[in-house]
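Asks: Let's see this in three dimensions:
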Amino acid sequence: MLSETTDSPTSPLQDDDDVVISRPEAEPQPGLNGNTVRWYDADRTEPYTRIAPFQERHDTSVEFFYKPITLTALTIGLAALAYIAMTQDVLEEGRDKRRIGAYAALVSFLMFSMIQFRDGPFVRPHPAFWRVVLGVNLLYELALVFLLFQDLDSARSMMALLDPSLGVPLPERSYAENCAVTVDNIWNAIDIFCLAHALGWFGKAMVLRDYWFCWILSIAFELAEYSLQHQIPNFAECWWDHWVLDVLVCNWLGTYLGMKTCQYLEVKPYEWRGLRQTRGLRSKARRVLSQFSPHDWTAFKWEGTASFYHYTTVVLLLAVFLAAELNPFYLKSLLWLEPDHPFVILRLAGVFLCALPAVRELYQYVNDPKKVKRMGQHCWLLLATILTELLVITKWSRGMFEEPLPRHVRWAWTVGGILLLLYPAIGFGVPSARRYLRKYNRKRKAKTA
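Replies: Numbers count the residues shown, from 1 in each chain. A predicted model of the protein is given here:
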């Protein structure tokens, strides 16, 4: 719109003196500025096309390791496969060619995971390491899905193919045969599994980063052992083994050291100086070692009593952690695995590595919904893995644990479930109802006034 008057823009215009000349609108042209828009011209960097909230994060202090080497990796991988597959003397070294082929397929999949999977929340020691962790988790999930469609005898036979020493029934050991509080009994109860308890709770503290959460989980696991000792004899322990040796000594020590480590990493000064900018051999060595430490640190504040949403998240996370703790006991009992078998240890270590980025993604998904619109890949896959383990255990346990749940255990868990439902009803439901009634009364008074 153009005006022929010379008045200032802020002065009132007179209708008589105002002559308005309208320009004819330009005819719209197809495409973008007259050019045809093709599908490969789309801008893939728009925010709505990004599905990974951590996709753009890099450790700029070692930018060299973030340069794309996909074609180089493909060339090296294919060359290695060709050498192993086509060189006769190499194949003769392996007695089972099918096993070599399976290993090659697994390594190829993990190589694809390392190169092509999306980045997670961590950048140290390198995002490729956490992509491999995600790939290992996916392989384990696929193996569980396969086992879900097998019967228990077939699964035991398959485990014997992986390790010929498996497939033999194992005697179940009870730790509650002599519960007298004597020095000999307490000394005999201290074994390598005490150290495993402490290390496990050190890892849980690093994952959850919350004192109260770890204490609640520790007590809940001991109560779960009490409840399920009629199915798993390993859960039968003396009272002082449950509450003194486990909770007050091993679990507390691991949790305390883990939380102290979290507090140190929270206040630690972080430097992102590159290796080239570091002078001196000692400084360069320190910089190389720091590559295996966190790039930054986020303290978790779960605030389970802040809102119903946070309360539900904390309760569900507690249930998932309990399931992740109980699943290996049932799996090793059903598949006849020793507690110190490498398969059991690898499962525990793998879940710990997967839980580190998974819980970090869940925390950001819960506390920053405006930035994170979907659950992270590590969190989603680990949740699917634990639930699939539960399905496998439920299927294989039919006819294995015929002794019913004791009455006092049923009553205890019923009361616990009622309290879990009663707390949010009183803590969140009653205040919400009061606010709704006040708002409704104000509206009704406004209408009648």
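
Asks: count of neighbours near Leu391?
Replies: Neighbour count for Leu391, taken as other Cβ atoms under 10 Å: 13. The way it works is simple: take the backbone N, C-alpha and C, and place the C-beta from them, glycine included.

Asks: Leaving out the residues flanking it, which one is nearest to it?
Replies: Nearest non-adjacent residue to Leu391, counting by Cβ to Cβ, 6 or more residues apart in numbering: Leu148, 5.8 Å away.

Asks: wait, isn't that neighbour in contact with Glu389?
Replies: No: contact criterion Cβ atoms under 8 Å: Leu148 and Glu389 do not qualify, at 9.6 Å.

Asks: Looking at these two, which has the bigger crowd around it?
Replies: Glu389 (24 against 15).

Asks: all helices for the stretch 101-250 of the chain, in order.
Replies: 127-148, 152-162, 183-189, 192-208, 211-228, 239-240 (DSSP state H, counting those that start in this stretch).

Asks: Could you report the neighbour count for the nearest residue to Ser218 once chain neighbours are set aside?
Replies: Leaving aside its sequence neighbours, Ser218 sits nearest to Asn251 (Cβ to Cβ, 6+ apart; 4.5 Å). Neighbourhood size, Asn251 [other Cβ under 10 Å]: 25.

Asks: Read off the pLDDT value for Asn251.
Replies: In this model, Asn251 is scored at 94, pLDDT.

Asks: quick check, it in a helix?
Replies: Yes: assessed by DSSP: H, G, I helix; E, B strand; the rest coil, Asn251 belongs to a helix.

Asks: Verify the stated contact: Trp130 with Met114.
Replies: No: at 9.6 Å, Trp130 does not count as touching Met114 under the criterion of Cβ under 8 Å.

Asks: Those two: which has the busier surroundings?
Replies: Trp130 (25 against 19).

Asks: Now do the closest residue to that one other than its chain neighbours against Phe129, distance only.
Replies: The shortest distance from Trp130 to any non-neighbouring residue, by Cβ to Cβ, 6+ apart, is to Gly120 (4.6 Å). Distance from Gly120 to Phe129, counting by Cβ to Cβ, to the nearest Å: 10 Å.

Asks: residues touching the residue nearest to Trp130, list them.
Replies: Gly120 makes contact with Phe54, Pro127, Trp130, Arg131, Leu134, Pro357, Glu361, Gly376, Gln377, His378 under the criterion Cβ atoms under 8 Å, 6 or more residues apart in numbering.

Asks: Could you find the lowest-pLDDT member of those residues?
Replies: Minimum pLDDT across the contacts of Gly120 falls on Phe54, with 45.

Asks: quick one: the residue nearest to Ser218 and Trp201 touch, right?
Replies: Yes: counting by Cβ under 8 Å, Asn251 does reach Trp201; the two are 4.8 Å apart.

Asks: How many residues are close by Arg434?
Replies: Using other Cβ under 10 Å: Arg434 sits among 10 other residues.

Asks: which residues are common contacts for Asn251 and Trp201?
Replies: Residues touching both Asn251 and Trp201 by Cβ under 8 Å, 6+ apart: Cys214, Ser218.

Asks: Quick check: the gap between the closest residue in space to Trp336 that isn't next to it in sequence and Arg118.
Replies: Residue nearest to Trp336 in three dimensions, not counting chain neighbours: Leu170, with 5.2 Å by Cβ to Cβ, 6+ apart. Distance check for Leu170 against Arg118: by Cβ to Cβ, it reads 41 Å.

Asks: Next: Ala205.
Replies: 28 Å.

Asks: Counting neighbours around each, name which of these two comes out higher.
Replies: Neighbour count, other Cβ under 10 Å: between Ala205 and Arg118, Ala205 has more, with 23 against 15.

Asks: From what I see, that one and Gly254 are in contact.
Replies: Yes: here Ala205 lies in contact with Gly254, judged by Cβ under 8 Å, at a distance of 6.8 Å.

Asks: Okay, now the unreliable bits of the stretch 201-350 of the chain?
Replies: In the predicted model of the stretch 201-350 of the chain, residues 270-278 satisfy pLDDT under 70.

Asks: go with 80
Replies: 267-292 (pLDDT under 80).

Asks: returning to what we had before: tell me the buried residues within the contacts of Gly120.
Replies: Phe54, Pro127, Trp130, Arg131, Leu134, Pro357, Glu361, Gly376, Gln377, His378 (16 or more other Cβ atoms under 10 Å).

Asks: Throw these into CSV and include distance to Lys370, thanks.
Replies: Shown next, in CSV, are these (distance: Cβ to Cβ, whole Å):
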residue, distance to Lys370
Phe54, 16
Pro127, 24
Trp130, 25
Arg131, 27
Leu134, 25
Pro357, 21
Glu361, 16
Gly376, 16
Gln377, 20
His378, 21
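
Asks: Can you tell me which of those is nearest Leu78?
Replies: Arg131 (19.7 Å; Cβ to Cβ).

Asks: In space, what's closest to the closest one - neighbours in sequence excluded?
Replies: Phe117 (4.2 Å).

Asks: So what does that neighbour have for phi and psi?
Replies: Backbone geometry at Phe117, expressed as degrees, to the nearest 10, gives phi -70, psi 160.

Asks: quick one: contacts for it?
Replies: Arg131, Leu134, Gly135, Gln377.

Asks: want to throw those into a markdown table with distance to Ile216?
Replies: Putting those into a markdown table (distance: Cβ to Cβ, whole Å) gives the following:
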| residue | distance to Ile216 |
| --- | --- |
| Arg131 | 33 |
| Leu134 | 29 |
| Gly135 | 33 |
| Gln377 | 28 |
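
Asks: Which two of these have the greatest separation?
Replies: Going by Cβ to Cβ, the pair spanning the contacts of Phe117 furthest: Gly135 and Gln377, at 11.0 Å.

Asks: Check what pLDDT the residue nearest to Arg131 gets.
Replies: Per-residue confidence at Phe117 stands at 92 (pLDDT).
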